[in-house]
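**Student:** Sequence first, then the predicted structure, then my questions.
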Amino acid sequence: DLAFTARTLRDAGADAASPFHGRMGSRTLVMGHSMGGGSSLLAAAGDPSLTAVAAFAAAETNPSAIAAAAALDRPVLLFAGTLDCVTPPSAHQDPMYRALAGWRAR
């Protein structure tokens, strides 16, 4: 769903009949929070047209967002809270960060 929405909005920028015509760039960021953050990594791993990822307190998912991170060669920005008791960085964002192959920041 994240990849579909991001692609649809990006592509609407080139559609003269769309209210988004001329308002969307060619680069597409996908982002999410918690389970959506993990899902944003899955979305980007499954769709090479998505050019970057941002995730806030990303949670591990099933299928694995950590495994998906290893397939990404695009910019990824992970935000984590050191005292997060729902998605503690040591169990969620740190393994994702370590798995990333490309440019990354946290």
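**Tutor:** Received it, and whenever you're ready, just let me know what you need. Numbers count the residues shown, from 1 in each chain.
**Student:** Does the closest residue to Leu77 other than its chain neighbours fall in a helix, a strand, or a coil region?
**Tutor:** What sits nearest to Leu77 in space, not counting adjacent residues and going by Cβ to Cβ, 6 or more residues apart in numbering, is Ala54, at 4.6 Å. Every C-beta, even on glycine, is put in place using the N, C-alpha and C of the backbone. Following DSSP: H, G, I helix; E, B strand; the rest coil, we place Ala54 in the strand state.
**Student:** count of residues packed around Ala54?
**Tutor:** By other Cβ atoms under 10 Å, 18 other residues sit near Ala54.
**Student:** Just the pLDDT at it, thanks.
**Tutor:** Ala54 is assigned 95 on the pLDDT scale.
**Student:** next one: Arg106
**Tutor:** pLDDT, read off for Arg106, is 63.
**Student:** what about the strands in the chain?
**Tutor:** Along the chain, the stretches classed as strands by DSSP state E are 29-33, 52-56, 76-79, 104-105.
**Student:** separation between Asp47 and Gly36?
**Tutor:** 16 Å (Cβ to Cβ, to the nearest Å).
**Student:** Kindly apply the preceding question to Asp1 instead.
**Tutor:** Asp1 sits 10 Å away from Gly36, taking Cβ to Cβ as the criterion.
**Student:** of the two, who's got more company?
**Tutor:** Taking neighbours as other Cβ under 10 Å, Asp1 and Gly36 compare with Gly36 leading, 19 against 8.
**Student:** doesn't Leu2 make contact with the more buried one?
**Tutor:** Yes: using Cβ atoms under 8 Å, Gly36 is in contact with Leu2, at 7.3 Å.
**Student:** Could you list the buried residues of stretch 20-30?
**Tutor:** Going by neighbour count (16 or more other Cβ atoms under 10 Å), the buried part of stretch 20-30 is 24, 28-30.
**Student:** Then stretch 89-106?
**Tutor:** 89, 92-93, 95-97, 99-100, 104.
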